[in-house]
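> Here is a sequence with its predicted model. Questions after.
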Amino acid sequence: KIRAETSRSSGRQLDHEETRRDLADPAQAATRIIDAIQPAIVESVKAEMLPRMSELLKKQRELATNLHADYGRYIKQLGKLDNAQRTLVSRAEEFNRLIDEHLLWIRSAPPVSGATLARAAPALTWLVSPARWAGAARDLSKSLPAAPFVWVAAIVALVLAFAIRGRAGRELAKTAPLVEHVTTDSLFLTLRALIATLVLASAWPLLAVAFGWPLVASDTGEAFSRAVGSGLLAAALMGFGFALLRGLARDRGLGDAHFGWPAAARQDFRQNLHWLAMIVLPLGFVIWTLETFDDEAYRASLGRILFVLAMLVSTVFIARLLRPHGPLLTALVTRHPAGLVTRLKYLWIPPAVAAPLALAVLSVFGYYYSAVQLQNRLQATAWIVIGLVIVSEYLMRWLYVSHRRLAHEQMLEEQEKARQDQEAPAALIEDQDELVELEEPEIDLEAIQTQTGSLIRTVIGVVAIIGLWFTWASALPALHVLDEIALWSYAGEIEGVERLVPVTLVDVGFALIVAGITYLGTKNLPGALELAVLNRTSLDAGAKYAFATLSRYLIAGTGIILVFSYLGMEWSRLQWLVAALGVGLGFGMQEIVANFISGLILLFERPIRVGDVVTVNGSSGTVSRIRIRATTITDWDRRELIVPNKRFITGEVLNWTLSNELNRILINVGVAYGADTDRARELLVQIAQNHPRILEDPAPIASFEGFGDNTLNLALRCYMPTLDGRLGVITELHAAIDAAFKEAGIEIAFPQRDVHFDTKQPLEVRMVSERAWPQASKKSAGDG
């Protein structure tokens, strides 16, 4: 309001300033006004009016001057008032924060003694007084005509909640068997089961809300009625929590059929939850009724006694639930043997059991207000844990359904491939062993599940940390003190003013959290993208790999910028340093930078893709990885060739499968002199045409290449649609040519040599006896 008034006053001051300027010469202003009113006025009348009007305008100018000065002083006082109000608000917030930090550690009541028990009797009498309950009933009836629409909405909600309870139960029974089969399983079934569970859990709590809310909202009701209404709302919230947990653990319910919780753990949990609800719900209603009623004696006596009893019962419940060899802890260890919660179970189980017991002890020694506030935060923590467990199980259920569907699709593909292999020739099947195994194009389901599960657990952990921080930071000064520990400062602009901004221990903590999230995100992103997005698209393996890699770079860059911003290194201050480092690195590490930029070009332009068959510097193979600095090519001997990315951009690369995988097979055949070459070429073309993997267009061609030393050289040229099974096809063509030529009587010649003796001179022949042969052999060996 002060700022708005200052703005209006400034506008009025400007108006008066403008009036002063317009009336700087009153006589001239009077003439201008008279001419504007009546241009044809008689000069005598005009001369008579000018002095009087000039005098009036002169007084108006003086008034405008005074008002301008008054508004200036007024605006100045408004500024002082605004500063004083800001200071007051800041001081009030400081005192409020100081109170919040230290109020919990101030004793609010004397320790429990015999006097406490004596004061509990009047509180109990007040609570069970029939007259007060009759007054609450009258207040409830009075609220009906005061807010009829609220009552109508409440009645409709109640009727719907109880009417669809049966349908919700049938929905749970209907979805349970459907999730058991991969062909009928769907994440939508889990969502339907979750909605049905929420409906089943909300009916009775809605009834308590319908009676409690009108009592709380009534302006004319008694204090007892409003306290009872608050107790009903608190009991409704607790009852909804108990009903939701029991619904999650019911047979054929969400935890059983969809989340796969063990039966022993669910049964033990439901049994313990049942007796806990029977005790804690009435206690919670009475405790919160006394807390809302404005009587400290009632709260410190009966309310405190019942609170201690509720905390003791909660301690027994948690101890029974988390006993060392109990079904719940056994199921947790079995399902997540390497999980962080399992590994640290001996660190969090004792505090979980001791927490309600500690609150009971605090209450007994007089810190009842502190115990109640901490219990409220413990209850909020429990709701956070319940919500995160449901979200985590739902996401893991999504992961399981996606993994199951992909595995089913792979099984169908393998069955189809096996069927085709049975129909294909034997040599083609054997040739499949010669194919190079690629790392990225294949869908590694186990790796995807591991990566995505790790990412889900990381996100859940981060959300849990943030939720616990906001829940407990205002209650525990030790946590708030972390935000006051300044490690260093930097000059930053706040609301247009250059100030020193401290970097606290909390900022460093958030920077570490962001760094961890960035690391886990870049590490586990491919699996999550494969399940969530890429497997639903028609992209090939190379495009999926490029998309995942670029997304990883984007997350890494964003995370680095956020980490630096938390540490006080803003981008506006870093860009010159980055530019300078870029120039320095450009000279000192130009090859590495060039390879990195070339890798980005490969991912964007895609002249080569993961899975392509390429030839680089005489080496051929299949592209298996495209990394930041280099690309990995797996050759036909299963050796990995590391090629810097720069070579693919600046050098010549032969990509056999860039736009078309069509490839030619060349088979050279030599027949003996005198063979029928026309018949031989006809057989070659016929053999190629009969093969199922040889294309009809382009058609096979057999040519007479020339006359060799020992053979008539023929050549068969034919084409395959892809490189798959190339060696097997060549083997089959060779075998078919050999068989066809044998059947046709065409001889496939082999190299021959004619030896001619010179008969112009007698031939010298040496004879060696058998007895001299061993010695001659030894001599020959010695000479060798």
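Cool, got the structure. Numbering: from 1, shown residues only.

> Other residues contacting whichever helix or strand residue 334 is part of?
Using DSSP states H and E, residue 334 sits in helix 327-335. With C-beta atoms under 8 Å, 6 or more residues apart in numbering as the test, helix 327-335 has contacts from 261-262, 264-265, 267-269, 321-323, 341-342, 345, 349. The way it works is simple: take the backbone N, C-alpha and C, and place the C-beta from them, glycine included.

> A helix includes residue 697, no?
No. Counting by DSSP: H, G, I helix; E, B strand; the rest coil, residue 697 is not found in a helix; it is coil.

> are any of the contacts of helix 327-335 buried, and which?
Buried by 16 or more other C-beta atoms under 10 Å: 261, 262, 265, 268, 269, 321, 322, 345, 349, out of those.

> The fourth one against residue 321, yeah?
It stands for residue 268. Yes. Using C-beta atoms under 8 Å, residue 268 makes contact with residue 321 at a distance of 7.5 Å.

> Could you chop this protein up by domain?
If you go by automatic domain parsing, the domain ranges for the chain are 2-102, 114-366, 445-655, 663-744.

> Including distance to residue 387, could those domains go into JSON lines?
Putting the domains of the chain into JSON lines (distance: least, C-beta to C-beta, whole Å) gives the following:
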{"stretch": "domain 2-102", "distance to residue 387": "25"}
{"stretch": "domain 114-366", "distance to residue 387": "10"}
{"stretch": "domain 445-655", "distance to residue 387": "9"}
{"stretch": "domain 663-744", "distance to residue 387": "50"}
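
> comparing the ones you listed, which gets the lowest mean pLDDT score?
Of all those, the minimum mean pLDDT falls on domain 445-655 (a mean of 72).

> where exactly do the helices run in the stretch 151-300 of the chain?
Taking DSSP state H, counting those that start in this stretch, the helices of the stretch 151-300 of the chain run over residues 165-178, 187-217, 223-248, 263-292, 296-298.

> between those, which gets nearest to residue 74?
Taking C-beta to C-beta, helix 187-217 is the member of those nearest to residue 74, at 43.3 Å.

> Can you tell me which helices and strands the closest one packs against?
Helix 187-217 is packed against helix 130-146, helix 148-163, helix 165-178, helix 223-248, helix 368-423, with contacts defined by 3 or more C-beta pairs under 8 Å, 6 or more residues apart in numbering; DSSP states H and E.

> and the third one, which residues are buried?
Residues of helix 165-178 classed as buried by neighbour count (16+ other C-beta under 10 Å): 165, 168, 169, 171, 172, 175, 176.

> Tell me how far that helix lies from the chain's centre.
31 Å (C-alpha atoms, centre = their mean, to the nearest Å).

> Shouldn't residue 673 be within a helix?
No. Residue 673: not assigned to a helix; according to three-state DSSP it is coil.

> That one: what's its closest spatial neighbour, skipping adjacent residues?
Spatially, and ignoring its direct neighbours in sequence, residue 673 is nearest to residue 712 (6.3 Å; C-beta to C-beta, 6 or more residues apart in numbering).

> and that neighbour, how many neighbours?
By the criterion of other C-beta atoms under 10 Å, residue 712 has 19 neighbours.

> Alpha carbons of the helix or strand that the helix holding residue 334 is followed by, in CSV - could you do that?
As assigned by DSSP H and E, the chain's next helix or strand after helix 327-335 is helix 340-343. Output of helix 340-343 as CSV, limited to C-alpha atoms (Å, rounded to 0.1, in the frame of the first residue of the first chain):
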residue,chain,number,x,y,z
LEU,A,340,21.0,-48.5,0.7
VAL,A,341,18.1,-48.9,3.0
THR,A,342,19.0,-52.5,3.6
ARG,A,343,22.7,-51.9,4.1
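
> Mind listing what's buried along stretch 334-346?
Result for stretch 334-346 [16+ other C-beta under 10 Å]: buried residues residue 345.

> Start at 55, not 1
New numbering, starting at 55: the last item is stretch 388-400.

> Just give me how far it sits from the chain centre.
23 Å.

> Endpoints of it, how far apart?
16 Å (C-alpha to C-alpha, to the nearest Å).

> what sits against the residue nearest to residue 727?
Residue 766 neighbours (C-beta under 8 Å, 6+ apart): 724, 725, 726, 727, 729, 731, 758, 803.

> Quick check: buried residues in stretch 320-332?
Buried-residue list, stretch 320-332, by 16+ other C-beta under 10 Å: 320, 322, 323, 324, 326, 327, 330, 331.

> Please enumerate residues in contact with that stretch?
Outside stretch 320-332, the residues touching it (C-beta under 8 Å, 6+ apart) are 293, 296, 299-300, 303-305, 309-310, 367-368, 371, 374-375, 380-382.

> Could you tell me which of the residues you listed count as buried?
293, 296, 299-300, 303-304, 309-310, 367-368, 371, 374-375, 380-382.
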